[in-house]
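*Asks:* Return atomic coordinates for the entry below.
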Amino acid sequence: MEENLFGQFLYEKRKQQGLSQYQLGSLLGVSGKAVSKWERGVARPKSQLLYKLSAVLGVSADALLIGAEYPRAGSAGCLSEPWRDRLWDEAYRHLRERYGDRPPIEIVSRFENEKLVLANTDIVQFFRVISAMAKKAEESGMPVFLQGSAGASFLAYLFGASDVNPLPAHYHCPRCRAVEFVPGMADGWMLAPKACARCGTPLVRDGHDMPFEVLRHTIGRNMGFELVLCEGFYETAKSILLSGLPGYMVTVLEPPAESMARPGVSKVRTFVCSPMGMGHANGTCAVRCSQVEYQDRIYGKPYISLLSYDAYERCAALERRVDVARSDIDILDREAVELLLRGETDGIPDFGLYDMKELLARFRPGHLGDAIAVYGIGLLASALPREEASAFIRGIASLSEAIVYRDDVFRYLDSRLKEHGYYDFGLAYAVMDRARRGAYRGQGMDPHTKAMLRDIGVEEHYISRLEKVPYLFPKSQGIVSVKYALTLLWIKVHHPEDFRRLL
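*Replies:* Purely as a prediction, here's the structure:
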């Protein structure tokens, strides 16, 4: 490692992230003086810090070592333009099938906004492959589900790669396809039951108001997708992935389970996709690697991780026993919802989250919007050391004070900007992006940013809470957790004997 190149590269990347030497040191657990020494070439970071440094700065450990970034493989995409066009036409057909031949302008606008950003990437093919896997898994009685920020994509929802609807709160008629948006409602699950005025069919209550902007930080970087599945479905999933990504060489990695930073993960396999000519033939056997090697090998490349939980095997077995398709389960069933809100979740796995029964009892959610926030607290707490997690939870006096999702931060700041006549979301995105990485924690927010936020009416207590955020998860991840908890609670209510026998 040439020290002058390393130091200059580190300096440039730190500045790009908007971090001071002190802030970067705080994120790494070292002093600002140590960072200064690295940048001046007086000292080098210990090898075990390289991975953490690469994660904070968004570069590979190899790039740090040589003092320069490799070209990001596959960022321009491998699919031909005609094939991409066909996939986008297919996505629009899905839109019309769901919302009618003349969908509301809000829906068409969201679709076109995503297309504007994603049209030259291969993400549409990845969503299509994940959708094919999800459908096959459903047929096999071993469902998979997508977690992570991709749930903020309307495109993913249309293809069936994600079952989280990112549109604002609305009613939707599955029969005549009428749509009614409800302004001012934070979440569609909070809407009251209602029948369609046109045909009398019970309306679907949906929409979680997730801005696409929270997904933008992954565009042109790693397109990463995480799916939870049963071990028994793994070989089928692998076959679908290896055959469904034309133009890519696929390598299968088996990193340590702790790479996923979730307790309870029994096995991880990651399918790393390199453009043709940049790798070997498609892998069939998983290559074991360390956490540092794993991060280096996925850097700059699309990847799909398949996660197995021991607890999920039991849950899938329960679903097969009751033989009711997930699509036929009413997750907003009154009894199931009441059990969740009261924290009566005995037997419901947390899937690596902080003790959700304890958190539900502490914060006592009044509705499902609150429950989603509580699960967000559980996500945050699970990413922290136990003592730090306990202190973080104690520091939240009420749910109204909790900042847990990047979506909510962006939406709030964007609304403040618009109220003051600013229709560019740049400031909202920049603050959200720094907060999601915990960049304000410790050092605090710089005075200039604070002044701008005050100018658009952001309250002091909100700024103060942003400075305490250790990390922000995508809201879709919390919604997926709540949705599956409600699915299991529905089974508990309507098939109690099967539930007791298997969970």
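
*Asks:* in stretch 360-373, what counts as buried?
*Replies:* Leu360, Phe363, Pro365, Leu368, Gly369, Asp370, Ala371, Ile372, Ala373 (16 or more other CB atoms under 10 Å). The C-beta positions use only the backbone N, C-alpha and C, and glycine is treated the same way.

*Asks:* Let me know the helix or strand that the third one is in.
*Replies:* So that's Pro365. For Pro365, there is no host helix or strand (DSSP states H and E).

*Asks:* just the fifth one next, same as before
*Replies:* Under DSSP H and E, the secondary-structure element containing Gly369 is helix 368-382.

*Asks:* hmm, who's touching that helix?
*Replies:* Applying CB atoms under 8 Å, 6 or more residues apart in numbering, the contact partners of helix 368-382 are 186-187, 189-190, 208, 262-263, 332, 337, 340-341, 350, 352-356, 359-360, 363, 365, 389, 392-393, 396, 399, 402, 404-405, 470-473, 475, 477-479, 481-482, 485.

*Asks:* how about low-confidence regions in the stretch 51-200 of the chain?
*Replies:* Counting by pLDDT under 70, the ranges of the stretch 51-200 of the chain that qualify are 51, 60-63, 65-77.

*Asks:* and which of the buried residues of stretch 360-373 is nearest Leu158?
*Replies:* The closest of these to Leu158 turns out to be Ile372 (CB to CB; 22.1 Å).

*Asks:* can you give me the helices for the stretch 1-150 of the chain?
*Replies:* Under the criterion DSSP state H, counting those that start in this stretch, the stretch 1-150 of the chain carries helices at the ranges 3-16, 21-28, 32-40, 47-57, 61-66, 81-99, 105-118, 123-140.

*Asks:* what does the stretch 251-400 of the chain give?
*Replies:* 291-298, 310-322, 334-341, 356-363, 368-382, 386-394.

*Asks:* any idea which of the ones you listed is most buried?
*Replies:* Comparing those by mean neighbour count (mean count of other CB atoms under 10 Å), helix 368-382 ranks first with a mean of 24.

*Asks:* Assign Met249 to helix, strand or coil.
*Replies:* What DSSP: H, G, I helix; E, B strand; the rest coil gives for Met249 is strand.

*Asks:* Then Asp163?
*Replies:* Applying three-state DSSP: Asp163 is coil.

*Asks:* buried sites along the longest strand belonging to the chain?
*Replies:* Using DSSP state E to define each element, the chain has its longest strand at strand 265-275. By neighbour count on 16+ other CB under 10 Å, the buried set for strand 265-275 is Val265, Val268, Arg269, Thr270, Phe271, Val272, Cys273, Ser274, Pro275.

*Asks:* what do you get for stretch 26-35?
*Replies:* Of the residues in stretch 26-35, those buried under the neighbour-count criterion (16+ other CB under 10 Å) are Ser26, Leu27, Leu28, Val30, Ala34, Val35.

*Asks:* Can you pull out the low-pLDDT segments for the stretch 251-400 of the chain?
*Replies:* Applying pLDDT under 70 to the stretch 251-400 of the chain flags the ranges 258-262, 276-284.
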